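J.: With the sequence up front, the predicted model follows.
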Amino acid sequence: MSYDYTKRTNYISDLPTMKAAHKILHETTFKPTLPQKGYNNRSLHIDLSNFKVTEKQISQQIKDTFIGGRGFGLWYLWNAINPETKWDDPENDIVISPGPLGGITQYPGSGKSLVVTLSPLTGIPIDSNVGGYFGPLLKFSGFDALEVQGKATTDIVIFIDGQTGTIRIEEAPLESVDSHITAEQFTHEYASGPGDLQNVSVVASGRGAENALIGCLNFSWYDLRRKGTRLKQAGRGGIGTVFRDKKLKAIVVRGPKVKGDENNPVDFDRIVKVGVKLHKEIHDLDDKQCRMRRQGTAHLVEIMDAYDLLPVNNFQFGKHPDVTGISSGVWDKRFTQGIPDGCWLGCSLACTKGADGHVVMTGPYKGHIVTVDGPEYETAAGVGANCGIFKPEWLLECNFYCDTYGIDTISFGTTCAFLMECYQREILNKDRTEGLELTWGNAHAQMELLHQISRGEGFGKIAGFGVHRLKQIFAERGWGDSKFLNDIGMEVKGLEYSQYISKESLAQQGGYALANKGPQHDEAWLIFMDMVNKQIPTFEDKAEALHYFPLFRTWFGLNGFCKLPWNDIEPADNAKTDEPSKVPEHVQNYCELYGAVTGKNITKEELISMSEGVYNFQRVFNLRMGKGLRRHDFPPYRSLGPVTREEYESRQERYDTQLKEVIGVDPQGKSVDEKIALHRKHREDQYEKLTDAVYKRRGWTKNGVPKIQTLRNLKIEFPDVIEVAQKYQD
Amino acid sequence: MKFLRPDSSKCEGKFVCERTCSKTFFKVEDSACSSIQVRQELKGFSLNVCNQCGECVSVCPVKALYRNKFGTVMVNKEACVSCFMCVGFCPTLSMRRGPNHKSPFKCVACGACVKTCPKGALALEEVDHSRLPA
């Protein structure tokens, strides 16, 4: 069955009335500029409490130390808040920055915005990497970063017009708060006409983010083929919740028409040379490798299932016989094929697939025809497999509502899976859930839970708080055993796990639990290197990987890049290189691009050093906010090994063999509970040893604190930063 | 649809087509600015030029590539965002970029080279393009 990709419910028939209802609260002007060598050297600060708009200069020292993107976000947040600040205090800052290389159109995956704020889930900084046109258009209007502080009292929109040099803060009472409509309405309101639609990008959230702590942001762009706005998500850590708490309905930027050389790079030809090489590689090899252009990241579903890594039923199991219901074959047919699906211009990897013509089945938009942006792997695995749901149309339904309500699909998936396991084990029941039958595979109940979260009603009122708080609430109410809840509640530092089983990869257990922001795989994904290819057998090997990869991947977030074109496409001869897991040719591409844009040539080693300062700074930032010590890096046991008898018995042969060959205990005659305890002791001990090795490699104390010398070596010598780290040097 | 059909077996490597093309469109005699490319092979010469297949049209994110009313695939430089995906995705490697150029260029089947080729190795031919992509 094919779907008309231009057919959708119309939300823009009454724009004049909506626009007429706007009240301008503040208006100011600025001088639009284009970056030089990737930088404008200027950021924009907006305080919503008093509508003060300020331009800030960015010094060479700040550029050298923090580079841009996530680095700028962390630095501005550090200066905006204090150790006592809570996420909903007015001084909390939302910072959006694309990085110096962000916005080049010649290399795939170069249009990312990095968003940083103080997370309502973790109480420490969160950073999220998101597509859409906002970051590049902001930069091409004249600002390397946007900070929004303070709180408005009524729903407002910030409009930054890079064409006329105007910034307006307006009351916007009539537009929808739900992103699939918000983006459409504001894009058409602020574009001067049809030819201007692609120059407008909207940041919005949704009604769910008003009532849940797992709120996300949506970043839009206008899809010329579909004739409608598309959305990508800054998903993790509750940024949407902060956004709605500030009464932001939308932030809109209108940039100049993009020509492709707006960064005024030092060597445009050098960029094109590297870019065309990768375009050609993707043209020749993507069909044989990941098929990102046809299936996006959803191609991973059956691969993870095959390797026993797909989270099923709250990370209990790694595969499921019904996986074909949500695997790539389904999405290959369901996604619209043959039109460009990049979330920024020039991305030939084009993973931003869309399922057009979805007829909404539940909730306030029942009967509407919408384009669903996705599902990506994380969504398919999270709200699908991890909740025992393998029905594609329900996956689309949940994906659509999560996005438009401004709810993070990863946190929602992991939270819903946790609740379903609590239901399975009678920690929850129909009385406690106020009528929701949260059984595995019950897509109707999952959707009802999501709608309740969006309204802040019923059981949804607490479900939207995420796993960390739910564990506390259940314990307070005497529901379930606290220790067991901690074992199966998949969160670290307050953030829900993303969607991979890490039980058989010690390195990935660290990749998750040692991550600065909480367990998100964008710091390190080491499962194949560790578990499948056995390339990092010793603690030192794993520690080296947990040093290199988080820093390498941090670099994407400093500069405005997507991770996918690094290793979701590989040169044909990559396997023959000395370090295939690093994809050396692509690492060199990034060095080339950095030199070509900024004029500062770097080696692959210098690339890592650029990240190391920011990474350590973020760790100190965690300390400043009361986390960032060893005890905050310890994972729930479900991510290390089997918690329950069913889990053990489902992989009995594997676990028994490990007892005999790895732990040195004969499993004969031992009860399942005894064997579980032996595994636990061994696995937790291994994790502690890994932690020791990683901290040592990173130049941290045994308690996980960056040593003063480490900070000084990295030129993180700001007195207030050193002062925080000094307190914990033991 | 008109397209340029090269016959490599007749080419003797005089490069007149390259000079004609670059002069016609870029006012220079520079092989790097020619839509048709002559390459010396172990035996004889090969000619590479766009066959107007149109696969590039669906790759362009801003619809800067389109078929005109004669079926020829054209580049709209105003709309182009310099991503050069079309260059990497051309199945015959016939979409080009000249030195320091901000947009790609390609053969538009104008026929100038047909007239100047001393060996009659080039011809403009007409085919029905209704079943071709884009």
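T.: Everything's here; your move. Because the structure is predicted, anything quoted here is derived from the model rather than measured.

J.: Could you use CA atoms for every contact and neighbour count after this?
T.: Will do.

J.: Model confidence for B:Lys133, exactly?
T.: Careful, residue B:133 is Pro and not Lys. B:Pro133 is assigned a pLDDT of 58 by the prediction.

J.: From A:Phe412, how far out is the closest residue in space to A:Ala212 that isn't next to it in sequence?
T.: The spatially closest residue to A:Ala212, leaving aside those adjacent along the chain, is A:Gly464, at 4.3 Å (Cα to Cα, 6 or more residues apart in numbering or on different chains). Remark: distance between A:Gly464 and A:Phe412 (Cα to Cα, to the nearest Å) = 8 Å.

J.: list residues touching both of those two?
T.: Counting by Cα atoms under 8 Å, 6 or more residues apart in numbering or on different chains, the common neighbours of A:Gly464 and A:Phe412 are A:Ile214.

J.: surely A:Leu506 meets A:Glu688?
T.: No. Judged on Cα atoms under 8 Å, A:Leu506 makes no contact with A:Glu688 at a distance of 10.4 Å.

J.: report the longest helix in chain B, please.
T.: Ordering each helix of chain B by length in residues (DSSP state H) puts helix B:16-26 first.

J.: ok, the helix or strand following it: who's next to it in the sheet?
T.: Later in the chain than helix B:16-26, the nearest helix or strand by DSSP states H and E is strand B:37-40. Strand B:37-40 pairs in its sheet with strand B:45-48 (antiparallel), by DSSP bridges.

J.: show me the contacts for A:Lys52.
T.: Applying Cα under 8 Å, 6+ apart to A:Lys52 gives the contacts A:Ile46.

J.: how about the helices in the stretch 201-350 of chain A?
T.: In the stretch 201-350 of chain A, the helices defined using DSSP state H, counting those that start in this stretch lie at A:208-211, A:239-245, A:268-285, A:292-295, A:300-306, A:328-334.

J.: Give the pairing partners of the helix or strand hosting A:Gly357; include direction for each.
T.: Assigned by DSSP H and E, A:Gly357 belongs to strand A:354-359. Strand A:354-359 sits in its sheet next to strand A:369-373 (antiparallel), going by DSSP bridges.

J.: Now the strand it pairs with: average pLDDT?
T.: 98.

J.: what residues does that strand touch?
T.: So strand A:369-373 is contacted by A:5, A:7-9, A:230-232, A:352-360, A:396, A:399-400 (Cα under 8 Å, 6+ apart).

J.: Quick check on those: which are buried?
T.: Neighbour counting with 16 or more other Cα atoms under 10 Å in any protein chain shown marks A:5, A:7-8, A:230-232, A:352-360, A:396, A:399-400 as buried within those.

J.: and chain A, which residues reach chain B?
T.: Residues of chain A lying close to chain B by Cα under 8 Å from any Cα of the partner chain are A:105-107, A:224, A:258-261, A:268-269, A:272, A:275-281, A:283, A:338-340, A:342, A:345-348.

J.: okay, now residue 80: neighbour count?
T.: Just so you know, I chose chain A. 16 (other Cα atoms under 10 Å in any protein chain shown).

J.: that's the wrong chain, I wanted chain B
T.: 21.

J.: Quick check: closest non-adjacent residue to it.
T.: Excluding its sequence neighbours, the residue lying closest to B:Cys80 (Cα to Cα, 6+ apart) is B:Ala64, at 5.3 Å.

J.: wait, isn't the one you found in contact with B:Ser82?
T.: No. Contact criterion Cα under 8 Å: B:Ala64 and B:Ser82 do not qualify, at 10.1 Å.
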